[in-house]
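*Asks:* The sequence isn't on hand, but the structure is:
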């Protein structure tokens, strides 16, 4: 049987590419059963967050050791883009796990499932960024999304929790319906022979003229599906509500990891398969980017809740990053997005750590709760100041450099109008970020004692703050460093 | 399309038969309608409630688990078709797949989802 | 062989019904069914064109879509049951604590 023999050979050859993902799958499954629910039943549930953190660190090491290559009949590829965005997903998951520990303790909602789902979802993201075939792309996207649906609705005893869960699920399912139908149209227009991204690009170039409408519809539907996943206007409606209702650590997760992974897949899909039909999606995508920047920033101006403010501002940040997806040069685009996403992830992680600290004291997540923070906890207020200035892209902070490289790329690619728009809306964003700073420094503190902060939260706040400051000092060299990691 | 002729014939007969029987009996039978005759017939006992009853939520739990395990058999199909060509390799692969389902089964069992108290 | 135009038409109709249902209906279970309709429209395309070209890539994709759709429905049903326990309704209109 030479056929079966060759299958064995291929499997052994390709398996090293998937080692980090397989590791996550095996550990996650064992955590659910038999370890979590049978063997280690008497172990305190809070220890699972530490174990999960260690697992994620091991995965990070495995990602660095994974060789580059392509395998599984052209379905999965490990290259600079894959490794780079896998790192982002793992870092985001690790920050989430640390943030979850105090929050779930306070709510008495610790469980093995929560951490296992974070692991499974991370494995989906790691597959997603390396997927080079419509089939594996869709499977990875669903693996990522299905786990997050449950995590968003995790606090099912709270009205807001279950509401956010069902809202996110229904819109997510709808968007994956759009996505699959779009994929099926593309597949049909390409002659129904292949689902491989590179082969699709060639087949679409040879498609008959009467298939043009089909290709256009398919590309637009796929664009809409991805628009939902990254929460770009006009597919952003779910995002503020879901951010508000989900458990706060999951909000931090949701605003970083799936967006990073979906943007990575976005660049690969549109840069590879739909490269030849650039004209079909350039205009709609520019519209999405522009609308996200404008609407995200303007809606954030009038928010009272910190979580909703971050939700709207994250819509705006996605708008900036879509500029890089538009780029004709997929490699440069991926690098700019990677750097931006990395800085965004650090700042966002720090901000959410502060929010969770304030929540732990029984205060809500309103911006009002931050007043007088500089008197109560000066170090914390300083960290928050760093995050806010950096998120606003105020020079010479880290966020400024990330934005600078992104806008520079967009100018080089000839999107001058969009870049000017991005620059103006970015100035608007400075207003609401500075508003938070003003609330912390110039408003009277409410009555009450400052409480000590948990060790996990302090570590996150100070590590991210330190990294942002170090990044600020190294700003001019960041892009060269990025180019070395994300070589597409 | 000669090969479809018998099917067409069958459809015609299937439609004609009830129409003929029902109309014949309508012509022959006496007709004295009453409320008792118009009510739902269920083995002769007087009906107590609507047929559209709410099920307890537990049925949904069982349905959800059944659904997942049932549809996973869809992945056995391609293997079954290509069984001879795939030989031992296919057997091992499908064995791994079924082995993984076992973990899911173990999990729902340990969670007590299978007990109906 | 059925012409491909007709397959596309049927799948487009199925997809449109699904989208319209999601946008119009307010019962979470019916929205779930309409999403299934959309996925099956895609499946129809995949299978028809795979058969047309005589290759199997599309058929494998369709099988995968079926499996994932089942997983999605399982999670959806679980969420709907949780919603029902909490709110005593499966109407999406009934959930309005969070306002965009």
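*Replies:* Cool, got the structure. Quick caveat: nothing in here was measured; it's all calculated off a predicted structure.
*Asks:* near chain C at all, the lengthiest helix in chain B?
*Replies:* When chain B is parsed with DSSP state H, its longest helix is helix B:83-110. No - using CB under 8 Å from any CB of the partner chain, we find that helix B:83-110 stays clear of chain C, coming within 11.1 Å at best. For every residue, glycine as well, the C-beta is placed using N, CA and C.
*Asks:* roughly how far apart are the residue of the stretch 201-350 of chain A found nearest chain C and residue A:251?
*Replies:* When scored by CB to the nearest CB, the stretch 201-350 of chain A has residue A:241 as its residue closest to chain C, at 4.0 Å. Going from residue A:241 to residue A:251 by CB to CB, to the nearest Å gives 11 Å.
*Asks:* cool, and residue C:20?
*Replies:* If you measure residue C:20 against residue A:251 using CB to CB, the figure is 32 Å.
*Asks:* Of these two, give the one with the bigger neighbour count.
*Replies:* Neighbour tally, residue C:20 and residue A:251, criterion other CB atoms under 10 Å in any protein chain shown: the higher count belongs to residue A:251, 27 against 12.
*Asks:* In a helix, that one, correct?
*Replies:* Yes - judged by DSSP: H, G, I helix; E, B strand; the rest coil, residue A:251 forms part of a helix.
*Asks:* from memory it sits against residue A:243, does it?
*Replies:* Yes - between residue A:251 and residue A:243 there is a contact under CB atoms under 8 Å: 4.9 Å.
*Asks:* Give the residues shared as contacts by the two.
*Replies:* Common neighbours of residue A:251 and residue A:243 (criterion: CB atoms under 8 Å, 6 or more residues apart in numbering or on different chains): A:307, A:310, A:311.
*Asks:* The second one is in what secondary structure piece?
*Replies:* What that stands for is residue A:310. Per DSSP states H and E, residue A:310 falls inside helix A:306-326.
*Asks:* just how off-centre is the helix or strand following that helix within its chain?
*Replies:* Next along the chain after helix A:306-326, taking DSSP H and E as the criterion, comes helix A:330-360. Taking the mean of its C-alpha atoms, helix A:330-360 sits 9 Å from the chain's own mean (CA atoms, centre = their mean, to the nearest Å).
*Asks:* Does anything pack onto the next helix or strand after helix A:330-360? Which helices or strands?
*Replies:* As assigned by DSSP H and E, the chain's next helix or strand after helix A:330-360 is helix A:373-376. Packing partners of helix A:373-376 (3 or more CB pairs under 8 Å, 6 or more residues apart in numbering or on different chains; DSSP states H and E): helix A:378-391, helix A:416-442.
*Asks:* and among those helices, the most buried is which?
*Replies:* Comparing the helices and strands packed on helix A:373-376 by mean neighbour count (mean count of other CB atoms under 10 Å in any protein chain shown), helix A:378-391 ranks first with a mean of 22.
*Asks:* what about the helix or strand in which residue A:54 is found and chain B, touching?
*Replies:* Counting by DSSP H and E, the element that carries residue A:54 is helix A:47-65. No - on the criterion CB under 8 Å from any CB, helix A:47-65 is out of touch with chain B, staying 15.2 Å away.
*Asks:* for the record, mean pLDDT for the helix or strand that residue A:215 is a member of?
*Replies:* For residue A:215, the element it lies in under DSSP H and E is helix A:212-230. Mean pLDDT, helix A:212-230: 93.
*Asks:* Can you check what angle separates that helix from helix A:306-326?
*Replies:* With axes from the mean of the first three to the mean of the last three CA atoms, to 10 degrees defining the directions, helix A:212-230 sits at 140 degrees from helix A:306-326.
*Asks:* Now do the helix or strand following helix A:212-230: which elements does it pack against?
*Replies:* Downstream of helix A:212-230, the next assigned helix or strand under DSSP H and E is helix A:238-245. When contacts are defined as 3+ CB pairs under 8 Å, 6+ apart, helix A:238-245 sits against helix A:159-189, helix A:248-254, helix A:306-326.
*Asks:* Residue A:25: how many residues sit nearby?
*Replies:* Count around residue A:25 with other CB under 10 Å applied: 16.
*Asks:* Report the secondary structure element holding the spatially closest residue to it that is not a sequence neighbour.
*Replies:* Of all residues beyond its chain neighbours, the one nearest residue A:25 is residue A:123 (5.8 Å), with distances taken as CB to CB, 6 or more residues apart in numbering or on different chains. Element membership for residue A:123 (DSSP H and E) is helix A:112-128.
*Asks:* Residue A:41 now?
*Replies:* Under DSSP H and E, no helix or strand contains residue A:41.
*Asks:* so how far is chain B from it?
*Replies:* Note on residue A:41: its distance to chain B, by CB to the nearest CB, to the nearest Å, is 9 Å.
*Asks:* for residue A:59, what are its contacts?
*Replies:* Taking CB under 8 Å, 6+ apart as the test, what residue A:59 contacts is A:20, A:23, A:24, A:90, A:122.
*Asks:* Need these in JSON lines (columns: neighbour count and pLDDT).
*Replies:* JSON lines is the format used below for the contacts of residue A:59 (neighbours: other CB atoms under 10 Å in any protein chain shown; pLDDT from 0 to 100):
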{"residue": "A:20", "neighbour count": "24", "pLDDT": "95"}
{"residue": "A:23", "neighbour count": "18", "pLDDT": "95"}
{"residue": "A:24", "neighbour count": "27", "pLDDT": "95"}
{"residue": "A:90", "neighbour count": "24", "pLDDT": "96"}
{"residue": "A:122", "neighbour count": "32", "pLDDT": "96"}
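*Asks:* For the residue nearest to residue A:276 when sequence neighbours are not counted, grab the count of nearby residues.
*Replies:* Leaving aside its chain neighbours, residue A:276 sits nearest to residue A:205 (4.7 Å; criterion: CB to CB, 6+ apart). Residues near residue A:205, counting by other CB under 10 Å, number 11.
*Asks:* distance of residue A:205 from residue A:267?
*Replies:* For residue A:205, the distance to residue A:267 - CB to CB - is 20 Å.
*Asks:* Then residue A:369?
*Replies:* 38 Å.
*Asks:* quick one, which of those two is more surrounded?
*Replies:* residue A:267 (26 against 19).
*Asks:* re the thing from before, let's test this: mean pLDDT of the helix holding residue A:310, rounded?
*Replies:* Averaging pLDDT along helix A:306-326 yields 92.
*Asks:* just the angle between that helix and helix A:416-442, please?
*Replies:* Put simply, helix A:306-326 runs at 160 degrees to helix A:416-442, going by the same axes, to 10 degrees.
*Asks:* Tell me the helices and strands packed up against helix A:306-326.
*Replies:* In terms of contacts (3+ CB pairs under 8 Å, 6+ apart), helix A:306-326 is packed against helix A:238-245, helix A:248-254, helix A:257-268, helix A:278-301, helix A:330-360, helix A:398-412, helix A:416-442.
*Asks:* Give me the residues contacting the first one.
*Replies:* Defining contact as CB under 8 Å, 6+ apart, one finds that helix A:238-245 is touched by A:152, A:160-161, A:163-165, A:167-168, A:171-172, A:228, A:231, A:251, A:254-255, A:299, A:305, A:307-308, A:310-312, A:314-315, C:97-100.
*Asks:* With stretch C:6-26 instead?
*Replies:* Applying CB under 8 Å, 6+ apart, the contact partners of stretch C:6-26 are A:170, A:174, A:177-178, A:181, A:184, A:188, A:214, C:30-31, C:33-38, C:40-42, C:44-45, C:48-49, C:91-93.
*Asks:* repeat for stretch A:413-423
*Replies:* Applying CB under 8 Å, 6+ apart, the set of residues contacting stretch A:413-423 from outside is A:286, A:289-290, A:293-294, A:319-320, A:323, A:326-329, A:407, A:410-411.
*Asks:* Among the residues you listed, filter down to the buried ones and hand me the ChimeraX syntax, if you would.
*Replies:* Typed into ChimeraX, the line below selects the buried ones among the contacts of stretch A:413-423, using 16 or more other CB atoms under 10 Å in any protein chain shown:
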select /A:286,289,290,293,294,319,320,323,326,327,407,410
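*Asks:* Brilliant, that's me finished.
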